[in-house]
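Undergrad: sequence unavailable; structure follows:
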């Protein structure tokens, strides 16, 4: 079987990596040692499952052979039961092995830059944007991730017109990538005297943070403007032009930062955001050209599509992409979104698995 040949190669690689990890030269090279250790861990579980599959397959073959040879009715029942149990376990292990063949998204390990912008709904949309920011901030704290605000535009009555922040850590993009889209809220605003439910929205964009090696910026393609940042007033008013806006002339994409007192710091942060926006644009272009499956799963880059509704009167959250409904909005907005994140990841995995199985069927027919 072709698929068994794939796993035999994985076993070979696993054993090779195991030997490399014992090499003093590799141990001395911390970067290489970390990379190999991660690969060893990834292969370890797969190899363990494959070896168990091979053992169960051998046991099933032996049980079938003994069943054919035996004339004792009691022993035949025993061997029949053993054979059926082995076949059932083989089916379970085969499913696990198929999951192991799902192509990993190389971006999942990356840190991210998140943009939240108030949409329709006026002041209430700004408040909701603030609620979403707090939700992601508390979730990041629970994961032990580092969070850094890059740019913010407060709304008049609280919350934000827009806020841009970075989240750094292991597997951040893999956990948050499905948050991109339009988030809708239904609730009674505090200023609503007649108790009418208002509907407003905010957009979320989750961009894998690009590194210097991902996107090379040509200085000739950049226009950098500096302007006076809005300070808190009084003696603290910033009189120098410290805020920075960087424009990428070929694409028209811009990024700005005014949170820092230093023009240099604002410039560096704006370039980080710009680089990630360009990286995301190129990633989406490639996905559209290749019609990749991930785009079809949750349409994470389509910000015009309503992905989720937060209904306060019914204490209900509904993710429209996977039909998931959760209750206890207070806990969810407090950052307890683990169940939601896990459900979206599981949905993505099922879609990818369907693609693997379909490819296997086509290969078998060929």
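TA: Everything's here; your move. Quantities reported herein were computed from a predicted structural model and do not represent experimental measurements. Numbering: from 1, shown residues only.
Undergrad: the closest residue to residue 271 other than its chain neighbours sits in which helix or strand?
TA: Distances taken as Cβ to Cβ, 6 or more residues apart in numbering place residue 246 nearest to residue 271, at 5.9 Å, with adjacent residues excluded. C-beta: built from backbone N, CA, C; applies to glycine. Using DSSP states H and E, residue 246 falls within strand 243-248.
Undergrad: cool, residue 215 as well?
TA: Using DSSP H and E, no helix or strand contains residue 215.
Undergrad: just the strands in the stretch 151-300 of the chain please.
TA: Remark: strands assigned in the stretch 151-300 of the chain by DSSP state E, counting those that start in this stretch are 160-168, 181-187, 198-208, 222-227, 243-248, 253-257.
Undergrad: most centrally placed residue in the chain?
TA: The C-alpha lying nearest the average C-alpha coordinate of the chain belongs to residue 174 (Cα atoms, centre = their mean; 2.3 Å).
Undergrad: for that one, which non-adjacent residue is spatially closest?
TA: residue 108 (3.1 Å).
Undergrad: swap in residue 225?
TA: residue 245 (4.5 Å).
Undergrad: count of neighbours near that neighbour?
TA: 18 (other Cβ atoms under 10 Å).
Undergrad: three-state assignment of the residue nearest to residue 174?
TA: Of the three states, residue 108 takes coil under DSSP: H, G, I helix; E, B strand; the rest coil.
Undergrad: quick one: which of the strands of the stretch 151-300 of the chain is nearest residue 120?
TA: Residue 120 sits nearest to strand 198-208 of all those, at 5.3 Å, using Cβ to Cβ.
Undergrad: distance check, the nearest residue to residue 143 once chain neighbours are set aside against residue 145.
TA: Spatial nearest neighbour of residue 143, excluding adjacent residues (Cβ to Cβ, 6+ apart): residue 169 at 6.4 Å. Relative to residue 145, residue 169 is positioned 3 Å away (criterion: Cβ to Cβ, to the nearest Å).
Undergrad: so these two - more neighbours on which side?
TA: Neighbours per residue, other Cβ under 10 Å: of residue 169 and residue 145, the larger number sits with residue 145, 21 against 17.
Undergrad: can you list phi and psi of the more buried one for me?
TA: phi -90, psi 160 (degrees, to the nearest 10).
Undergrad: for it, what are its contacts?
TA: 167, 168, 169, 172 (Cβ atoms under 8 Å, 6 or more residues apart in numbering).
Undergrad: who does the second one form a beta bridge with?
TA: Beta-bridge partners recorded for residue 168 (DSSP bridges): residue 146.
Undergrad: circling back to that earlier point, mind pulling up the pLDDT for the residue nearest to residue 143?
TA: pLDDT, residue 169: 89.
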